[in-house]
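Enquirer: A structural model of the following input is requested.
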Amino acid sequence: MQKRILLLAFFLFLSILCNAQLTVHIQSVPENTSSSDKLYLAGNFNGWNPGDSNYCFKRKANGTYSLTADLKPGKYEFKVTRGTWDKVEVDSLGNSKVNRYVEVNGDTEMIIDVDGWSDTYEKEMIHTASANVRLVDSVFYIPQLKTHRRVWIYLPKSYFDKSVKKKRYPVLYMQDGQNLFDDFYAPYGEWNVDETLDSLNKELIVVGIDHGGKERLNDYSPYQNLKYGGGNGNLYLEFMVNTLRPYINEHYRTLKDVENTGIMGSSMGGLISFYGGLKYDKVFGKIGVFSPSFWFHPIIYSYAAKWKPIRKTHLYILAGEKESDSLVYEVRKMESILRHKGLNEEQLKVVFKPDGRHAEWFWRREFADAINYLFPESQNITVVRKLLEKL
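Expert: Prediction:
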């Protein structure tokens, strides 16, 4: 019994040694910051949760704020919020700020200033979505989660051509719908999905599902994390597969087979897209995974190791080398697992970009390469080739 206690104490000691403390002091905030406002740290260490109570600053009597967090050594990006992404820090002119960056090798302390809050500036709101982006429903009901989400759809230009009115199209389902098409709804800039597809002449339908704000982490996590919670990912995927997809197939001219159906997302959206692509590999044959939050639960690796690949699966995984040391390691670890499962370059492409950061501009820039890999040609040509092979 005594040996067991000593062993547990030893492992506890090791775990303490492996972590470091990051202390952030905010020495000044905008004058219009209420003393009752709670300030939070959101970064790649907590799934970019803007209102995570585990990363809430303590306000001091002199109006400054401080927060100490236990983190593993590595590189981290973060921003300060007042609980939501609508109330995130900006510069003194009201413009978006790049992610703050810190490298933690031991106990680290940093002093910062918050120059402004995004919700306190009047700025010109401009819609940037192209004419062929439409709303499927502003309050699409999700029975599995008993809630509603806005759902968007992008239809290629040829969809409206009466001379090909019977033509059907592949479909890509994407997470974080508010960031895909329209700057008006995207706090950090949109992905330009519509403009990119137009320029590439891709004949592809894209369905974008808005995240649920504070429920984003819950909806995009297939497992519960002891510290951050979550775990509604399976219900969210049931919605995508059993509710939304049948609706889209019924109301739009789609190609319904696995080779013409894809799923894509970034960060936590990348995690749920990866997991969903594997779990429903007879539904999603194209899987796009940007900066995935594999850190959220280690069981994702054993899930991938137990997965039995099918020939129709194609995976594109993207990571930025300036996002964090752990992200690059995690993606390389997952790549090793998938390679051992037999996925070759034709089925799996893993891309590391030296300048890549955990940001919309990075995912926007890399979207075209991912699409060209996952949807390299008109899927109608693929159908014709299959028919010819049978002759």
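Enquirer: check contacts around D219.
Expert: The contact partners of D219, taken as Cβ atoms under 8 Å, 6 or more residues apart in numbering, are 145, 211-212, 232-233, 236, 272. Using the backbone N, CA and C atoms, a C-beta is placed for each residue, glycine as well.
Enquirer: Flag the helix or strand of this structure with the lowest per-element mean pLDDT.
Expert: Using mean pLDDT, DSSP states H and E, the weakest-scoring helix or strand in the chain turns out to be helix 379-390, at a mean of 45.
Enquirer: ok, back up a step: which ones among the contacts of D219 map onto helices?
Expert: 233, 236, 272 (DSSP state H).
Enquirer: Tabulate those in TSV, adding columns for neighbour count.
Expert: Listed next are these as TSV, based on neighbours: other Cβ atoms under 10 Å:
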residue	neighbour count
G233	23
Y236	25
I272	29
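Enquirer: of the residues you listed, closest to I317?
Expert: Nearest to I317 among those, counting by Cβ to Cβ, is I272 at 14.1 Å.
Enquirer: ok, for that closest one, nearest residue in space, not its chain neighbours?
Expert: For I272, ignoring the flanking residues on the chain, the nearest one in space by Cβ to Cβ, 6 or more residues apart in numbering is Y220 at 4.2 Å.
Enquirer: what number of residues lie near T313?
Expert: 22 (other Cβ atoms under 10 Å).
Enquirer: That one and Y303, how far apart?
Expert: Distance of T313 to Y303, given as Cβ to Cβ, to the nearest Å: 15 Å.
Enquirer: what's the answer for D86, then?
Expert: 34 Å.
Enquirer: More neighbours: those two, which one.
Expert: Using other Cβ under 10 Å as the criterion, D86 and Y303 rank with Y303 on top: 17 against 13.
Enquirer: That one reaches Y275, doesn't it?
Expert: Yes: with contact defined as Cβ atoms under 8 Å, Y303 and Y275 form a contacting pair (7.0 Å).
Enquirer: Run through the bridge partners of the residue most central in space within the chain.
Expert: Nearest residue to the geometric centre of the chain (Cα atoms, centre = their mean): S266, 2.5 Å. Counting by DSSP bridges, S266 is bridged to F290.
Enquirer: for it, what are its contacts?
Expert: Counting by Cβ under 8 Å, 6+ apart, the residues that S266 touches are 175-176, 290-292, 363.
Enquirer: Same check on D281?
Expert: Contacts for D281 (Cβ under 8 Å, 6+ apart) come out as 258, 307, 309-310, 312-313.
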